[in-house]
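Chemist: Could you look at this predicted model? Sequence included:
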Amino acid sequence: MKLRMTLAAAALALAAPIASAPAAGPADYRARLPQEEVVYFVLPDRFANGDPRNDRGGIKGDRLKTGFDPAGKGFYHGGDLKGLTARLDYIQGLGATAVWFAPVFKNKPVQGPAGDESAGYHGYWITDFTQVDPHFGTNAEFKAFVDAAHARGMKVYMDIVANHTADVIQYREISKIGYPYRSKANYPFSRRNGVGGAPINGTFGDDSDPSPANWSQMTDPNFAYTPFVPKGEETVKVPAWLNDPMFYHNRGNTDWVGESAVYGDFVGLDDLATENPRVVAGFIDIYASWIDRFGVDGFRIDTAKHVNPEFWQAFVPAMLERAMARGIPNFHIFGEVATGEFDPALLAGWTRKAGLPSNLDFAFAVSAVGAASGTKGTDQLARLFDDDVLYEGGVKGALIQPTFLGNHDAGRFAMFLQQMNPKIDSEELLGRTMLGHAMLLGLRGVPVIYYGDEQGFIGKGGDQLARQDMFASKVAVYNEQNLVGTSATTATDNYHTQHPLYRLIAELSAVRRATPALTSGRSVVRMSSDKPGLFVVSRFDPVTGREVVLAFNTSNRMQSERISVSAHSLEFTPLAGQCSPAAQAPGSYTVTLPPLGFAWCAAKD
């Protein structure tokens, strides 16, 4: 009975009446607000190989030189900008209006200790901030991609890094346990190698003082460790000022707690001294150039919480000003303030103390995954909306927080569902995956689809285990796993527009784009519980006040309840799923859903 009912829920979602939305045209895409987008997040290396000639990045040698090994999950696989451009039909067909991709700047091809090397396929080991990595193509091909997206009315969001560069700088001090963090208290800027060391750096007071007079005294980087650049790598970083150890913290590896979370090297990556006015000005110049040259529409900021807030207070206004001058009025900046916990206050705090307009909504991910899994209630998800007042701009500020279900670091949504339900069968897994995406696309925030989720990718973990190829893969650990909603595996191409998840996301994205209440409307929670069951939210058109009722059944049983609605909402029409045509009385509406079902019901004007 359970299997039959779950199948019915999946069929209901696909057979539901769906309102259509006109595709965005090239003339109006700049006018769209951030909350009006549906974002597709992709790792270029894993999406499509448009030009095999650049697979090795123009480098000769084995995989430890070129970084290319399509059978190694931690190496380049051949995806590039040409491939991404050629597949824009597929991405736009999914309903995405914006593409966010992992960094495409030139990276150190390979790094890591002997026997544990991996490649910079992910883009976060940057050496040259001014050009595209040759594994992905050229600056001209990047421009061709941006122009092609804009011609379709789609926006382009770059993933940027200011916290660190590739691991180039080394320390003279040799330790069997690596390079543990050395604090400012024990290794102050004013002494060489500890409080008892020789005085250095003149009258330099503290790095919280941004004045030129103060920073002119900072001349010696040897306060904690003795940093040096290995022979042959003295000029590897671009712009050239990045090669000077003076512009880095040089305090050893972070332990992720307290001071070291900002000042420590991120697993060996060279941690920039973002308190230094020269570094601030340098990164403003770097990223303003990408706006000027290519007209990109937004930045996702990697490791934002590992940078001092004062840096963002200067950087964000400068980027918004440059974008406005370039004719980009709705430039969207969102940071990564990573947390595996339900902590809206942490996320909201960075919109206030650092001036970050928005952050990836980890609190939404935690609560939505828990609710959709059926192993937790929906009360935490309801709490999310209560905490929206904490954001800069309050409830309106919460509308531009990008929401997601899984990502390239923590892992995929379907994997979380499996982990939380070890005995889940394939039909229920499909039903719960569909239910979670219905939540993502209906509830407040800017929905982000992680590439491959629409093809049923699952994965066995985070990081490298969640970064499968869309084209035919040669990675054994990827290919041995079944996918959700299909008999296919990653051993073959996966660009199937008839996959049930692709179809569902495309259909619900169209409804979202056509319904102002779902992009910009305030939210009122109508029903939640500490157990699986009905979760109901009303959203209201910001202009007309028209109510849209979003109902989700997170349980394996039929649910039917009366909920409170606006007294003016008397008749309803379905946007998705099956809806009762009328209220039972002014202010009272009955919601009936099958197991794992959902319905979006709009009050008639």
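Modeler: Received the coordinates, thanks.

Chemist: which element is the spatially closest residue to Phe294 that is not a sequence neighbour on?
Modeler: Take Phe294 and drop its neighbours on the chain: the residue closest to it by CB to CB, 6 or more residues apart in numbering is Val146, 5.0 Å away. C-beta here means a position set from N, CA and C on the backbone, and glycine is covered the same way. Using DSSP states H and E, the element containing Val146 is helix 139-151.

Chemist: so for that helix, what's the average pLDDT?
Modeler: The average pLDDT within helix 139-151 is 98.

Chemist: Going by contacts, tell me the helices and strands next to that helix.
Modeler: Here helix 139-151 touches helix 81-86, strand 126-132, strand 155-160, helix 277-294, going by 3 or more CB pairs under 8 Å, 6 or more residues apart in numbering; DSSP states H and E.

Chemist: Name the residues that touch that helix?
Modeler: 26, 29, 80-82, 84-85, 88, 99, 104, 131-132, 136, 155-156, 293-296 (CB atoms under 8 Å, 6 or more residues apart in numbering).

Chemist: Against Arg522, how distant is the residue nearest the centre of the chain?
Modeler: For the chain, Leu360 is the residue whose C-alpha lies nearest the centre (CA atoms, centre = their mean; 6.0 Å). Using CB to CB, to the nearest Å, one gets 22 Å for the distance from Leu360 to Arg522.

Chemist: Please give me every residue in contact with the spatially closest residue to Phe540 that is not a sequence neighbour.
Modeler: Of all residues not flanking Phe540 in the chain, Gly521 sits nearest, at 4.7 Å (CB to CB, 6+ apart). Contacts for Gly521 (CB under 8 Å, 6+ apart) come out as Arg444, Arg539, Phe540, Asp541, Pro542, Val548.

Chemist: Pull out the CA atoms of the helix holding Val146 and give them to me as CSV.
Modeler: Output of helix 139-151 as CSV, limited to C-alpha atoms (Å, rounded to 0.1, in the frame of the first residue of the first chain):
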residue,chain,number,x,y,z
ASN,A,139,38.8,34.8,-21.6
ALA,A,140,37.2,35.1,-25.1
GLU,A,141,35.3,31.9,-24.5
PHE,A,142,34.2,33.2,-21.1
LYS,A,143,32.9,36.3,-22.9
ALA,A,144,31.1,34.1,-25.5
PHE,A,145,29.4,32.2,-22.6
VAL,A,146,28.2,35.4,-20.9
ASP,A,147,27.0,36.9,-24.1
ALA,A,148,25.1,33.7,-25.1
ALA,A,149,23.4,33.6,-21.7
HIS,A,150,22.5,37.3,-21.8
ALA,A,151,21.1,36.8,-25.3
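
Chemist: now the angle from it to helix 277-294?
Modeler: 60 degrees (axes from the mean of the first three to the mean of the last three CA atoms, to 10 degrees).

Chemist: Grab the nearest non-local neighbour of the residue of the chain most remote from its centre.
Modeler: In the chain, the greatest distance from the average C-alpha position (CA atoms, centre = their mean) is reached by Ala198, at 45.4 Å. Sequence neighbours aside, Arg192 is the residue nearest to Ala198 in space, at 4.7 Å (criterion: CB to CB, 6+ apart).

Chemist: Test my guess that the one you found contacts Asn222.
Modeler: Yes: in this structure Arg192 lies within contact range of Asn222 using CB atoms under 8 Å: 5.5 Å.

Chemist: ok, now how distant is Arg278 from Val337?
Modeler: 26 Å.

Chemist: Revised request: answer the last question for Ser289.
Modeler: Note on Ser289: its distance to Val337, by CB to CB, is 26 Å.

Chemist: Among those two, which residue is more densely surrounded?
Modeler: Between Ser289 and Val337, Val337 has the larger neighbour count (other CB atoms under 10 Å), namely 23 against 14.

Chemist: Quick check: Val99 is in a strand.
Modeler: Yes: counting by DSSP: H, G, I helix; E, B strand; the rest coil, Val99 is found in a strand.

Chemist: about what we covered before: state the number of residues packed around the residue nearest to Phe294.
Modeler: 23.

Chemist: for the stretch 151-300 of the chain, what spans make up the strands?
Modeler: 155-160, 170-171, 227-228, 298-301 (DSSP state E, counting those that start in this stretch).
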